[in-house]
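[1] pasting a predicted model and its sequence here:
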Amino acid sequence: MTSIAETFGKARAEGRALLVGCMPAGFPTVDDSIASMVAMAEAGCDVIEVELPYSDPVMDGPVIQKASDIALANGVRTRDTLRVIEAVAATGAQVVLMTYWNPIERYGVDAFARDLAAAGATGMITPDLIPDEAAEWLAASDRYGNDRTFLVSPSSTDARLAMTLEHCRGFVYATALMGVTGARSQVSQQAPELVARIRAADPEMAVGVGLGVGTGAQAAEVAGFADGVIVGSALIRCVLEAPDTATGQQRLRALSAELAQGVRNPRR
C-alpha cells in the first residue's frame, strides 16, 4: 500500500495538490456510501476521507451533521465503517479515516489501530484529540504503522504548532478558519498565512487545508499554496439534496471532477 506521504510527494513532483474528498460511512446506507466514495475516486479524488458518524460532531457544520444523523438513524456502527474502508480501499483508492475520539476509546485504541490498518486505511484524522492527550494512540499507531493527522488552526501558537507537527505522520490538517465545516463563498484569508507558518516550522510536512472549499475555482486557489485540498460539505450536499440516488451520484461525480481539475491547475 502506498503511504499518504508518498502520494503527497508524487503530487508535489507533478506540481499540483491532492484532492481529499470526504463522505460519512453509512450515508444514507452502507452500500450507498461505498458507491459514493468509489464514484469520487473514479472522478478524480486522490484520497477518500471516510468519516465515522458520531452523535456529537463538534467541528462539523450542518451538512455533515445531517448526513451523519441519517447514517446513525439507519444503524451504521463502527464496524460498518471499517467495512466501508475495506471495500473502498479494495478498489485501489487511498483511504484515511476522520473520527472523533470517543468511539475509538469505546472500541479499544490498540484494537482499532490494528483493525484500521487491516481494513486498508493509511491512518486517521482526529479533530478532537491533541498530541498532549494522545499517548495511547501514538503508541498504537507506531505499533501498527498508522499515519496520524492532528489539526492546527490560525489561533495555534508557534509552540503548539511545532509540537503538533512533531507528532503528525503523513500530513497535518490546517483548518482554514475558526469555526465548523461548510462550504463558503470565498477562501479564508488566514489560510495562506497558516500554511506559511507550518512550512517555516517543518518544510517537509505535507499540509492539507480544509473548511470552506466548494468549487473548482476555490480548489485551484487553495492548491496554489497547500499540498492538499480537503472537501466535505460540498460533496456531501450533492447526495443530501438530490431527489434520488442516481441524480446524487451524477452530481457527486461532476463536482468531484470539477474539484480535481482545480487542484491540477493551481492558481499560484
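    In hand now; what should we look at? Numbering: from 1, shown residues only.
[2] okay, CA-based contacts and neighbour counts for the rest of this
    Fine.
[3] return the residues in contact with residue 43.
    Residues near residue 43 by C-alpha atoms under 8 Å, 6 or more residues apart in numbering: 253, 254, 256, 257, 260.
[4] what's around the second one, how many residues?
    Residues contacting residue 254 under the criterion other C-alpha atoms under 10 Å number 18.
[5] same thing with the last one?
    When counting by other C-alpha under 10 Å, one arrives at 27 neighbours for residue 260.
[6] for it, which non-adjacent residue is closest in space?
    Closest residue in space to residue 260, ignoring its immediate chain neighbours: residue 44 at 5.2 Å, by C-alpha to C-alpha, 6 or more residues apart in numbering.
[7] go on, the second one?
    Counting by C-alpha to C-alpha, 6+ apart, the nearest residue to residue 254 once its immediate chain neighbours are dropped is residue 43, at 7.5 Å.
[8] before we move on, what about residue 12?
    In space, and not counting its chain neighbours, residue 12 is closest to residue 227: 7.0 Å by C-alpha to C-alpha, 6+ apart.
[9] quick one: contacts for the one you found?
    Neighbours of residue 227 in contact, by C-alpha under 8 Å, 6+ apart: 8, 12, 16, 17, 18, 206, 207, 208, 209.
[10] which one of these is nearest residue 58?
    Closest approach between those and residue 58, by C-alpha to C-alpha: residue 209, at 18.3 Å.
[11] just say helix, strand or coil for that closest one.
    strand (DSSP: H, G, I helix; E, B strand; the rest coil).
[12] that one against residue 225, yeah?
    No. The criterion here is C-alpha atoms under 8 Å, and residue 209 misses it with residue 225 at 9.4 Å.
[13] tell me where this protein is predicted with low confidence.
    1, 177-188, 268 (pLDDT under 70).
[14] how about the helices in it?
    For the chain, helices defined by DSSP state H occupy the ranges 4-13, 30-43, 62-73, 78-89, 101-107, 109-119, 135-144, 158-167, 190-201, 216-223, 233-240, 245-264.
[15] nearest to residue 152, out of these?
    With distances scored as C-alpha to C-alpha, the stretch of the helices of the chain nearest to residue 152 is helix 158-167 (6.6 Å).
[16] for residue 233, see how far away residue 190 is.
    20 Å (C-alpha to C-alpha, to the nearest Å).
[17] higher neighbour count, these two?
    More neighbours surround residue 233 than the other of residue 190 and residue 233, with 27 against 15 (other C-alpha under 10 Å).
[18] circling back: report the two of the contacts of residue 227 separated the most.
    It's 12 and 209 that sit farthest apart of the contacts of residue 227, by C-alpha to C-alpha, at 14.9 Å.
[19] more neighbours: these two, which one.
    Shown here are residue 12 and residue 209; by other C-alpha under 10 Å, residue 209 has more neighbours (29 against 16).
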